[in-house]
Every structure is written in C-alpha cells, then in structure tokens.
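1. fold the stuff below for me.
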Amino acid sequence: MLSAESLGVIRETLPAVAGAIDEITPLFYSKMFAAHPELLRDLFNRGNQAAGEQPKALAASIAAFAGMVLEGNGAQYDSVLDRIAHKHASLGIVAEQYPIVYEHLFAAIAEVLGGAVTADVAKAWSEFYWLMADELIAREKALYDAAGVAPGDVWLQAIVVRRQLESADVAGFELRGVSGKLPNFIPGQYISVQVTLPDGARQIRQYSLSRGSTAGDWRIAVKRLNVGDTPAGEVSNFIYDNVFEGQQLRVSVPMGEFTLDDSADPLVLVSAGIGCTPIMGMLQELVATQSPREVVVLHADQSAAAHAYRHELADLVGRLPAGRLHTWYERAHVEHPADGIGRMSLDRLPIDLSSTVFVCGPGRSCRQSTRTWCHSVSLRSRSITSCSVHWRRPWHDARRGADGGAGGILAWVGGGDLVYRGATEVPRAGGDHSAGAGHRPPGLPCTERGGVRAGGGLGAAAGCRQARYRGNRRGCGRVRLSCHPVASDTARDRAADQRDPGWRRICRA
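-> Residues are numbered from 1 along each chain as shown. Here you go, the predicted model:
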C-alpha cells in the first residue's frame, strides 16, 4: 500500500506523467536496449517494438495501474496484475530483472520531465513502481510454484510428433515431451515458444493450447502471416516454414488466465480466424466432462477453406448435450453453407442473457462480434443493455484514458448506439465525465465527444448497469453480459437527446 504522502504526490503528478508517457516509454526502451541488447534480441517481441505497440502498452499499463491505486479498485487491480503475471511467467521473468526496468524507466522520466521530478516526486513514483513490481514478483512466484518449477525455469523441450495443415495458412503441431510427459494445462491457457532465427535472435511468441490426438500431448496452431519483411510474424512464419515432424521446439510450461469458470451459466464462445484455438481447448474439456451447460459457439472466418479445424469444431459441438454452432464466412460457397455471409450478425439468434461469453480473435473481429451481439440484444430488449468486455487487446492511448486494462465505459442504448468513456472510475448518475476530446476506439460507432452524460432520470433506482472493458495484447477476451430494463425516462433527458443526439445516457446501479 502506498503511503499517504506518496499517494497525494501520485494524485497530483499523474496528469503530467500521463501527458508525457508517450515520450517516456520509447525513451525508456531505447535506454534499456542500449544497455542490455540481449533483452530485445531474446526476450522482448521485436515485432511489437518495431510497430510501437510495446511502448504504448507499457504507457497504458502504468496509467491504468496508477488510476486503480488512486481509486482503490481492488478487482481491476487484481485482474490487470494477474494478466501481466501470467505473461511474465510464460517468458521466465525473474525478480532480478525488475531493477533493470526501474533504472532505465526512471532515467527516462527524469530526462523527459526535467525539473518537475523533485525529490518528493521521485520518492513517490519509486514507491509506486516497487509496489507494482513486488506484487508482480509475488504473483509470478506463486505461478512458478504452482507449475512446480523454480522462478524463471519454465523452459522444456518438446518434439513435434505430428504436423498437419488445417487450412491454407494454418499448420497444427502436436507436441510430446522429450524427457517425460508434458505438464497438464487448463483449457484456454497458452505456452511460449522460443525459436532461434537466422540472425541469431531467440524470439518468443505465445500460442494457445488444445489437446493432441494422444493423451498427454499438446497441440498448437501457427498461422503464417503475409507481412513482408517486417518483424511482425517472424516467429510464426519461421515455425510454419521450417518446423516439421521429428524436430524439437523449446516451449514453456502453460500459463494464462483466459480459462473456463466452474459456474453452470450458459456459455457463448465467440471466435474469428485463428482465435478458434483456445475455444477448441475449451470445447474439448466440455465434451470430455459432458458438461450440461448450454453452449453456443459462434465463429467467423474468411471462407470455409480458411476455417482451421472446421470439421473438428462441428464434431465437438455436436457431441455436447446442449451445443449449437453458427458460422459466418466473408466468402461463402454452395458446398459449405454458413449462417451468414460477411461479418458476424446475431440479430436473430436466441441467446440467454445470463451467458458468460469468451471472445478470441483478431482485434477488429472481436470488437465487431461483441458490438453486433450487444446491439442485437439491445434491440430486442428495448432497454439500456451493458456488456462488461474483458478485452485482451488494448486501445493504447493513456492520455485519452484508453488504458487497455482498467476502465473505460461501454454501453449500448436502445437504438444500438455505443458510448465510450475512457476513465478508470465508475460514473455516477448525473454530471459529465470527461474522456478526453474526440476519442473513439477504432472500428466502433462511438460518440465523438469529450465525455458521456449520465442522465439524472436514469439513476440508481432505474437499475441501469455500467460496463467495463479490460485488455491485453493477445487479441483474446472475455465478456459478461447483463441486461436490465430501464424503469423511467424523463422528458428532460429525451429533450436533451433530441437537441444533441451525440450525448448518450449512462449510469450505475
């Protein structure tokens, strides 16, 4: 817990730090990689660095964590740290590496902010950093202990016992332990795979797990990306082009928090493209346990030919006591009928509003699928409908509040319009809540306003629900939908919306 003095300093200086964070984080990485080039070569994702995604993700995480500490939001605090800890553990991060980050991050802060970094400011932000670092170190140690390995000792050798093309650009690899049985995993988890590239770099990427055809084997799917000479896709393309049966891969023990819960609630499993891989693992588990849960599986792809594991997916859903499968293809074929052509549309699908929803796929497909689904529910219910969207893909813009992991408000109103608010606190009924001028997440029909008005006529008594998103870089996410009818609608609010339809109402229960 931060001291009261440091908490006050963080509160006062957070706007300045957040305003300069897009300068601080690239400078931090350049300093750290200059001092430790092996980190860029063998640990950090060169593709994300080249695209500028990693500095933005770090900026978003710092702003998000600071906001959560100030707000005292324990639930979001836990979820963000869990996600980061699982990723770190899959990479073999150890406590000794945190001082390296501290040294170069604070050198960058001092260089960018200059004289504003007084002794009190430096002390408060140092305390903040080590609060976050110590918590992550503890969580990562717990993950290592649970996996039965020493901190950082996550790597083992696996042999490819089967390679099979699942579509034109997706290869499935079944893996078996070289020196013993591979560890068990929870469906939805992933492993890291490290390969030595032609330039000598040992780059690491993550791949979701499903069961192999033989008990105890793992299966991963690798999609070849058409990205030219850019670093993006360099590991997946190398594996796709160069790894075959009989060869070995260096892999980590399983990690990841994107896993099925133990409730009896209905499930909706939404995937697009290669995002079907963790969904396949979940379906295998549901079939193996003959789960009585209602399971609706929704998948979108370019075409039936591009749909990896198409036949296996249909077989698994068909073996569930209460399973339904719906598919959409951008390019349909008479021999491979689908529920729809083009993007996923759920207007006519009966979906239980108590469902827990898992979403995994490319960012735009995830957003479109979730938006369309909530839109259809909103139209049917004729009430304000909210979706709690736990994205695994950040909208990297800390200064505008899109923190990629903590906060941000999404709400669908009766006509299907979406409002967005990129802040970490929960809005109260009444008043304006600034989100930063003109921010809109890509691909979503958001109001381009600096805030979202919480109408006084839709307060706590009306039963409105707030909604949040959370996210990280892997493109997967989880959604929980709740729907509550609006009990009242004042003439003042209706008149305000007619005067300025860009403002939409949002409130909390």
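
2. give me the contact list for stretch 191-206.
-> With Cβ atoms under 8 Å, 6 or more residues apart in numbering as the test, stretch 191-206 has contacts from 41-43, 45-46, 87, 90-91, 154-155, 185, 190, 207, 209, 218, 220, 234-236, 238-239, 243, 249-255, 474. All C-beta atoms are positioned from the backbone trio N, CA, C, and that covers glycine.

3. in strands only, show me those.
-> Among the contacts of stretch 191-206, the ones falling in strands (DSSP state E) are Trp155, Tyr190, Tyr207, Trp218, Ile220, Leu249, Arg250, Val251, Ser252.

4. ranges for the strands of the stretch 151-300 of the chain?
-> 155-167, 170-177, 190-196, 202-208, 210-211, 218-223, 248-252, 267-272, 295-303 (DSSP state E, counting those that start in this stretch).

5. which stretch among the ones you listed comes nearest Ala16?
-> Nearest of the strands of the stretch 151-300 of the chain to Ala16, taken as Cβ to Cβ: strand 202-208 at 34.5 Å.

6. convert the C-alpha atoms of the closest one to CSV, please.
-> Presented in CSV, the C-alpha positions along strand 202-208 are these (Å, rounded to 0.1, in the frame of the first residue of the first chain):
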residue,chain,number,x,y,z
ARG,A,202,15.9,-16.1,-29.9
GLN,A,203,12.5,-14.7,-30.2
ILE,A,204,9.4,-15.8,-28.1
ARG,A,205,5.7,-15.9,-29.0
GLN,A,206,2.7,-17.3,-27.3
TYR,A,207,0.3,-20.0,-28.8
SER,A,208,-2.9,-21.3,-27.3
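
7. ok, that strand: who's next to it in the sheet?
-> Sheet pairing of strand 202-208 (DSSP bridges) gives strand 190-196 (antiparallel).

8. just the pLDDT for Asn73.
-> In this model, Asn73 is scored at 70, pLDDT.

9. Leu58 now?
-> 88.

10. what's the answer for Arg382, then?
-> For Arg382, the predicted pLDDT is 21.

11. do Ala467 as well
-> Predicted confidence (pLDDT) for Ala467: 31.

12. tell me which stretches of the stretch 1-150 of the chain form helices.
-> Counting by DSSP state H, counting those that start in this stretch, one finds helices in the stretch 1-150 of the chain at the ranges 4-35, 37-42, 46-51, 53-71, 74-91, 98-113, 119-147.

13. related to what we said a few turns ago, so which of the ones in strands among the contacts of stretch 191-206 is the closest to Gln164?
-> Ile220 (11.8 Å).

14. show the buried residues in the ones in strands among the contacts of stretch 191-206.
-> Taking 16 or more other Cβ atoms under 10 Å as the criterion, what is buried in the ones in strands among the contacts of stretch 191-206 is Tyr190, Tyr207, Trp218, Ile220, Leu249, Val251, Ser252.

15. coming back round to it: out of the strands of the stretch 151-300 of the chain, which is closest to Pro321?
-> Closest among the strands of the stretch 151-300 of the chain, once you apply Cβ to Cβ, is strand 295-303, at 8.9 Å.

16. Asp261 is in contact with Thr356, isn't it?
-> Yes: at 6.4 Å, Asp261 counts as touching Thr356 under the criterion of Cβ atoms under 8 Å.

17. pick out whichever of those two has more residues nearby.
-> Each of Asp261 and Thr356 has its neighbours counted (other Cβ atoms under 10 Å); Thr356 has more, 18 against 11.

18. tell me how far the residue lying closest to the more buried one once chain neighbours are set aside lies from Ser355.
-> Spatial nearest neighbour of Thr356, excluding adjacent residues (Cβ to Cβ, 6 or more residues apart in numbering): Asp265 at 5.0 Å. Separation of Asp265 from Ser355 (Cβ to Cβ, to the nearest Å): 6 Å.
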